[in-house]
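In: task: produce atomic coordinates for the following.
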Amino acid sequence: MAKIRRPRPTAAELQILQVLWSKGPSAVREVNTVLGLVKPAGYTTTLKLMQIMAEKGLVRRSRDGRAHLYEPTVPKGSTLRVLVGEFLDRAFEGSKSQMVMHALSAKGATAAEIAQIRQILDEYEQKKR
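Out: Have a look, this model is predicted:
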C-alpha cells in the first residue's frame, strides 16, 4: 500500500494545526481566537488559510449546523517527526547530538526537562536491546 504524501505545512498552517491538535474539531472563529492570543490574526486570513489547508488535505471540513468544523487529517506525532527530520538534515547535517546541544544551549532546560530527556534516552536504549 502506497503512503499518502501530503504537503508540508507552512509556519502559519502549523500554528493552525497546533490549535486543532489541542482543541479537536473547531470552527474558524475558535481557531482565530486562540491564534489572536499570541499575535493579532484576522478572521478572513484564518478562514482563507484553513480553506487552503482543506484543499491540500491537511484538514477536513464538516458541517455542524450552520458552522463548519475543521479537524486535522495528519497526526501530530508523524507531522512533527517529518519536520524535525528535515530540520535535522538541513541545519545539522543529520547530527542528532549537535541538534540537542544547540537546543539546550539556546533555550536551556529545567531540571525536570533534563530528567525527562534522560528517561526518554533510557527508554530508547531499552528498546534497542
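In: where in the chain is pLDDT low?
Out: Within the chain, the segments meeting pLDDT under 70 span 1-6.
In: quick one, helices of it?
Out: Assigned by DSSP state H, the helices in the chain fall at 11-23, 28-38, 43-56, 76-92, 96-107, 111-128.
In: how about the ones you listed, which one is nearest H68?
Out: Smallest distance to H68 across the helices of the chain (C-beta to C-beta): 7.2 Å, for helix 28-38. C-beta coordinates here come from the backbone N, C-alpha and C atoms, glycine included.
In: so what secondary structure elements neighbour that closest one?
Out: helix 11-23, helix 43-56, strand 67-72 (3 or more C-beta pairs under 8 Å, 6 or more residues apart in numbering; DSSP states H and E).
In: let's see it at 6 Å
Out: When contacts are defined as 3 or more C-beta pairs under 6 Å, 6 or more residues apart in numbering; DSSP states H and E, helix 28-38 sits against helix 11-23, helix 43-56.
In: how about the CA coordinates for the longest one, as PDB?
Out: C-alpha atoms of helix 43-56 as PDB (Å, rounded to 0.1, in the frame of the first residue of the first chain):
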ATOM      1  CA  TYR A  43     -10.700  36.200  10.700                       C
ATOM      2  CA  THR A  44     -10.700  36.300   6.900                       C
ATOM      3  CA  THR A  45      -6.900  35.400   6.900                       C
ATOM      4  CA  THR A  46      -7.500  32.400   9.200                       C
ATOM      5  CA  LEU A  47     -10.500  31.300   7.100                       C
ATOM      6  CA  LYS A  48      -8.600  31.500   3.900                       C
ATOM      7  CA  LEU A  49      -5.700  29.600   5.300                       C
ATOM      8  CA  MET A  50      -8.000  26.800   6.600                       C
ATOM      9  CA  GLN A  51      -9.700  26.600   3.200                       C
ATOM     10  CA  ILE A  52      -6.300  26.200   1.500                       C
ATOM     11  CA  MET A  53      -5.300  23.600   4.100                       C
ATOM     12  CA  ALA A  54      -8.500  21.700   3.300                       C
ATOM     13  CA  GLU A  55      -7.600  21.800  -0.400                       C
ATOM     14  CA  LYS A  56      -4.100  20.500   0.400                       C
END
